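Chemist: Sharing a model prediction with you, sequence too.
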Amino acid sequence: MSALGAERYARPVVEVAQALLGCTLRFGPCTGVIVETEAYHDSEAACHAHVGLTPRTHVLFGEPGRAYVYRSYGIHALLNAVCEPAGVGAAVLIRALAPLDGLEEMQARRGAVHREDLCSGPGKLTQALGIDLELNQSDLSAGPITIEPPGPGWEEVDVIAGRRVGITKAVELPWRFCVAGARSVSKPWPPGLHDTVAPRVR
DNA sequence: CATGGGATTGACT
DNA sequence: GTCAATCCCATGC
(Lines give C-alpha, C1' and ligand atoms only; values in the text may rest on other atoms or scores of the structure.)
Protein backbone atom coordinates (compact mmCIF):
# COMPACT_ATOMS: atom_id res chain seq x y z
CA MET A 1 0.00 0.00 0.00
CA SER A 2 1.35 3.41 -0.94
CA ALA A 3 1.58 6.48 1.22
CA LEU A 4 -0.93 9.31 1.17
CA GLY A 5 0.29 12.13 -1.09
CA ALA A 6 1.05 15.64 0.10
CA GLU A 7 -2.18 16.91 -1.46
CA ARG A 8 -4.14 14.89 1.10
CA TYR A 9 -2.74 17.12 3.84
CA ALA A 10 -3.34 20.42 2.02
CA ARG A 11 -6.87 20.70 3.38
CA PRO A 12 -8.52 22.17 6.49
CA VAL A 13 -6.70 20.60 9.43
CA VAL A 14 -9.91 19.60 11.21
CA GLU A 15 -10.92 17.59 8.13
CA VAL A 16 -7.54 15.89 7.89
CA ALA A 17 -7.57 15.02 11.59
CA GLN A 18 -10.74 12.99 11.01
CA ALA A 19 -9.66 11.57 7.66
CA LEU A 20 -6.47 10.13 9.21
CA LEU A 21 -8.52 7.97 11.61
CA GLY A 22 -8.35 4.38 10.36
CA CYS A 23 -5.23 5.03 8.28
CA THR A 24 -2.07 3.00 8.85
CA LEU A 25 1.07 4.64 10.26
CA ARG A 26 4.27 2.84 9.26
CA PHE A 27 7.87 3.23 10.45
CA GLY A 28 10.29 0.43 9.70
CA PRO A 29 8.81 -2.94 10.69
CA CYS A 30 6.18 -1.34 12.93
CA THR A 31 2.67 -0.37 11.85
CA GLY A 32 -0.49 0.69 13.65
CA VAL A 33 -3.94 2.03 12.85
CA ILE A 34 -4.45 5.68 13.81
CA VAL A 35 -7.34 5.73 16.30
CA GLU A 36 -6.94 9.17 17.94
CA THR A 37 -5.90 12.59 16.61
CA GLU A 38 -6.04 16.27 17.50
CA ALA A 39 -6.09 19.31 15.18
CA TYR A 40 -4.00 22.45 15.77
CA HIS A 41 -4.19 25.70 13.77
CA ASP A 42 -2.23 28.94 14.04
CA SER A 43 -5.45 30.89 14.53
CA GLU A 44 -5.92 29.42 18.04
CA ALA A 45 -3.63 29.82 21.04
CA ALA A 46 -2.97 26.14 21.78
CA CYS A 47 -1.08 25.72 18.50
CA HIS A 48 2.69 26.14 18.59
CA ALA A 49 2.39 28.12 15.33
CA HIS A 50 0.25 30.72 17.11
CA VAL A 51 3.43 32.65 18.03
CA GLY A 52 4.23 33.10 14.34
CA LEU A 53 7.26 32.09 12.29
CA THR A 54 10.21 30.99 14.47
CA PRO A 55 12.89 28.31 14.04
CA ARG A 56 10.62 25.89 15.86
CA THR A 57 7.46 26.66 13.88
CA HIS A 58 9.13 26.90 10.47
CA VAL A 59 8.06 23.37 9.53
CA LEU A 60 4.45 24.03 10.57
CA PHE A 61 4.20 26.90 8.08
CA GLY A 62 5.94 24.87 5.36
CA GLU A 63 4.88 22.16 2.94
CA PRO A 64 1.87 19.99 3.89
CA GLY A 65 2.61 16.32 4.45
CA ARG A 66 5.79 16.86 6.46
CA ALA A 67 6.35 15.48 9.96
CA TYR A 68 6.54 17.91 12.86
CA VAL A 69 8.28 16.09 15.74
CA TYR A 70 9.06 18.00 18.93
CA ARG A 71 10.11 17.18 22.48
CA SER A 72 7.43 17.40 25.13
CA TYR A 73 8.18 17.91 28.82
CA GLY A 74 11.84 17.26 28.08
CA ILE A 75 11.11 13.57 27.73
CA HIS A 76 8.79 12.52 24.94
CA ALA A 77 8.79 13.01 21.17
CA LEU A 78 5.35 13.89 19.77
CA LEU A 79 4.48 13.24 16.11
CA ASN A 80 2.36 15.57 13.98
CA ALA A 81 1.42 15.75 10.29
CA VAL A 82 1.72 19.27 8.86
CA CYS A 83 -1.50 20.35 7.12
CA GLU A 84 -3.08 23.14 5.06
CA PRO A 85 -1.28 24.96 2.25
CA ALA A 86 2.20 26.39 2.87
CA GLY A 87 1.90 29.69 4.71
CA VAL A 88 -0.69 28.34 7.15
CA GLY A 89 0.68 26.88 10.40
CA ALA A 90 -1.36 23.76 11.16
CA ALA A 91 -0.84 20.11 12.06
CA VAL A 92 -2.57 16.95 13.21
CA LEU A 93 -1.17 15.42 16.40
CA ILE A 94 -1.16 11.60 16.21
CA ARG A 95 -2.30 10.59 19.72
CA ALA A 96 -2.85 6.82 19.59
CA LEU A 97 -2.51 3.70 17.43
CA ALA A 98 -3.98 0.23 17.43
CA PRO A 99 -0.75 -1.80 16.96
CA LEU A 100 -0.67 -4.06 13.90
CA ASP A 101 2.87 -5.19 13.00
CA GLY A 102 6.22 -5.16 14.75
CA LEU A 103 4.75 -6.02 18.14
CA GLU A 104 8.04 -7.49 19.34
CA GLU A 105 9.96 -4.31 18.51
CA MET A 106 7.34 -2.22 20.25
CA GLN A 107 7.41 -4.38 23.35
CA ALA A 108 11.21 -4.27 23.43
CA ARG A 109 11.07 -0.45 23.57
CA ARG A 110 7.96 -0.09 25.74
CA GLY A 111 8.29 -2.98 28.16
CA ALA A 112 5.82 -5.71 28.98
CA VAL A 113 2.61 -3.74 28.80
CA HIS A 114 -0.65 -4.96 27.37
CA ARG A 115 -1.07 -4.65 23.61
CA GLU A 116 -3.72 -1.92 23.94
CA ASP A 117 -1.31 0.17 26.02
CA LEU A 118 1.68 -0.04 23.65
CA CYS A 119 0.60 3.02 21.61
CA SER A 120 -2.25 4.50 23.71
CA GLY A 121 -0.79 8.02 23.91
CA PRO A 122 1.25 10.45 21.81
CA GLY A 123 4.46 9.85 23.75
CA LYS A 124 3.88 6.11 23.97
CA LEU A 125 3.50 5.57 20.24
CA THR A 126 6.70 7.41 19.34
CA GLN A 127 8.57 5.40 21.96
CA ALA A 128 7.04 2.14 20.71
CA LEU A 129 7.95 2.83 17.07
CA GLY A 130 11.30 4.45 17.83
CA ILE A 131 10.42 7.85 16.33
CA ASP A 132 12.70 10.64 17.53
CA LEU A 133 13.45 14.32 16.83
CA GLU A 134 15.73 13.54 13.89
CA LEU A 135 12.57 12.74 11.91
CA ASN A 136 11.31 16.29 12.26
CA GLN A 137 10.57 17.77 8.81
CA SER A 138 10.71 14.37 7.09
CA ASP A 139 8.29 13.80 4.19
CA LEU A 140 5.36 11.59 5.19
CA SER A 141 4.59 10.85 1.53
CA ALA A 142 8.11 9.50 0.96
CA GLY A 143 9.19 8.01 4.29
CA PRO A 144 10.79 6.70 6.38
CA ILE A 145 7.56 7.48 8.28
CA THR A 146 4.49 7.01 6.07
CA ILE A 147 0.72 7.15 6.48
CA GLU A 148 -1.27 4.82 4.23
CA PRO A 149 -4.99 4.53 3.42
CA PRO A 150 -7.11 2.38 5.75
CA GLY A 151 -6.60 -1.36 5.65
CA PRO A 152 -9.32 -4.05 5.71
CA GLY A 153 -12.02 -3.30 8.25
CA TRP A 154 -10.92 0.29 8.84
CA GLU A 155 -12.39 1.95 5.72
CA GLU A 156 -15.50 3.16 7.53
CA VAL A 157 -15.24 4.18 11.17
CA ASP A 158 -17.46 6.28 13.41
CA VAL A 159 -15.73 9.40 14.73
CA ILE A 160 -16.19 10.79 18.23
CA ALA A 161 -15.18 14.42 18.82
CA GLY A 162 -14.21 15.96 22.14
CA ARG A 163 -12.00 18.56 23.76
CA ARG A 164 -8.23 18.38 23.32
CA VAL A 165 -6.07 16.98 26.12
CA GLY A 166 -3.31 18.58 28.17
CA ILE A 167 -3.63 22.16 26.96
CA THR A 168 -4.48 25.35 28.86
CA LYS A 169 -5.53 27.61 25.98
CA ALA A 170 -8.45 27.27 23.54
CA VAL A 171 -9.65 24.31 25.59
CA GLU A 172 -13.22 24.66 24.37
CA LEU A 173 -12.57 23.62 20.75
CA PRO A 174 -13.83 20.05 20.03
CA TRP A 175 -10.79 19.17 17.95
CA ARG A 176 -9.91 15.80 19.44
CA PHE A 177 -11.10 12.85 17.38
CA CYS A 178 -11.28 9.17 18.28
CA VAL A 179 -12.47 6.04 16.51
CA ALA A 180 -15.64 4.95 18.27
CA GLY A 181 -15.05 1.76 20.22
CA ALA A 182 -11.26 1.77 19.81
CA ARG A 183 -9.51 0.30 22.83
CA SER A 184 -6.08 1.87 22.29
CA VAL A 185 -7.01 5.51 22.96
CA SER A 186 -5.18 7.75 25.45
CA LYS A 187 -6.07 8.17 29.07
CA PRO A 188 -8.47 11.04 29.77
CA TRP A 189 -11.55 9.74 28.02
CA PRO A 190 -14.63 10.16 30.14
CA PRO A 191 -17.32 10.97 27.56
CA GLY A 192 -18.40 14.50 28.36
CA LEU A 193 -21.61 16.33 27.71
CA HIS A 194 -20.17 18.26 24.78
CA ASP A 195 -18.99 15.19 22.92
CA THR A 196 -20.68 14.51 19.61
CA VAL A 197 -20.59 11.92 16.88
CA ALA A 198 -19.34 13.63 13.73
CA PRO A 199 -19.85 12.51 10.15
CA ARG A 200 -16.97 10.81 8.44
CA VAL A 201 -14.88 13.17 6.28
CA ARG A 202 -12.63 12.05 3.51
C1' DC B 1 22.51 35.04 28.68
C1' DA B 2 18.70 33.51 32.39
C1' DT B 3 14.34 32.07 32.91
C1' DG B 4 9.98 29.59 32.56
C1' DG B 5 6.70 26.71 30.49
C1' DG B 6 4.94 22.80 28.48
C1' DA B 7 0.11 19.01 22.77
C1' DT B 8 3.22 13.44 28.87
C1' DT B 9 4.00 9.51 31.41
C1' DG B 10 4.73 6.43 35.21
C1' DA B 11 5.53 5.88 39.99
C1' DC B 12 3.83 6.60 44.27
C1' DT B 13 0.38 8.11 48.50
C1' DG C 1 -5.50 11.69 43.82
C1' DT C 2 -0.18 14.07 43.62
C1' DC C 3 4.29 14.79 41.61
C1' DA C 4 8.89 14.65 39.46
C1' DA C 5 11.68 13.80 35.33
C1' DT C 6 14.11 16.60 31.73
C1' DC C 7 15.12 19.54 27.44
C1' DC C 8 13.85 22.46 23.66
C1' DC C 9 12.90 26.87 22.62
C1' DA C 10 10.44 31.44 23.04
C1' DT C 11 10.85 35.42 25.58
C1' DG C 12 12.89 39.22 28.05
C1' DC C 13 16.72 41.64 30.10
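Modeler: It's in.

Chemist: check which helix or strand covers A:Phe68.
Modeler: Just so we're on the same page, residue A:68 is Tyr rather than Phe. Taking DSSP states H and E as the definition, A:Tyr68 sits inside strand A:67-72.

Chemist: Residues in contact with that strand: which ones?
Modeler: A:48, A:56, A:59-60, A:77-82, A:91, A:122-123, A:126, A:131-133, A:135-140, A:145 (Cβ atoms under 8 Å, 6 or more residues apart in numbering). For the C-beta atoms, the positions are set from N, CA and C on the backbone; glycine is no exception.

Chemist: do stretch A:103-119 as well
Modeler: A:28-30, A:32, A:96-99, A:124-125, A:127-130, A:183-184.

Chemist: correct me, but A:Gly162 touches A:Glu172?
Modeler: No - A:Gly162 is beyond contact range of A:Glu172, at 11.2 Å (criterion: Cβ atoms under 8 Å).

Chemist: more crowded one of the two?
Modeler: A:Gly162 (19 against 10; other Cβ atoms under 10 Å).

Chemist: From DNA strand B, how far off is that one?
Modeler: In this view, A:Gly162 and DNA strand B are 13 Å apart by Cβ to the nearest atom of the strand, to the nearest Å.

Chemist: Kindly report the same for A:Leu79.
Modeler: From A:Leu79 to DNA strand B the distance is 8 Å (Cβ to the nearest atom of the strand).

Chemist: Tell me how many other residues crowd that residue.
Modeler: A:Leu79: 26 neighbours (other Cβ under 10 Å).

Chemist: Please apply the same query to the one 3 residues further on.
Modeler: With neighbours defined by other Cβ under 10 Å, the count for A:Val82 comes to 28.

Chemist: Close to DNA strand C: what parts of chain A are there?
Modeler: A:Val51, A:Gly52, A:Thr54, A:Pro55, A:Arg56, A:Thr57, A:Tyr70, A:Arg71, A:Tyr73, A:Gly74, A:Ile75, A:Leu133 (Cβ under 7 Å from any atom of the strand).

Chemist: ok, 6 Å please
Modeler: A:Val51, A:Thr54, A:Pro55, A:Arg56, A:Thr57, A:Arg71, A:Tyr73, A:Gly74, A:Ile75 (Cβ under 6 Å from any atom of the strand).

Chemist: these two touch, right, the fourth one and A:Cys47?
Modeler: No - judged on Cβ under 8 Å, A:Arg56 makes no contact with A:Cys47 at a distance of 11.9 Å.

Chemist: Which residue of the two possesses the greater neighbour count?
Modeler: Neighbours were counted for A:Arg56 and for A:Cys47 using other Cβ under 10 Å; A:Cys47 has more, 22 against 13.

Chemist: Not counting sequence-adjacent ones, nearest residue to that one?
Modeler: Nearest non-adjacent residue to A:Cys47, counting by Cβ to Cβ, 6 or more residues apart in numbering: A:Tyr40, 3.9 Å away.
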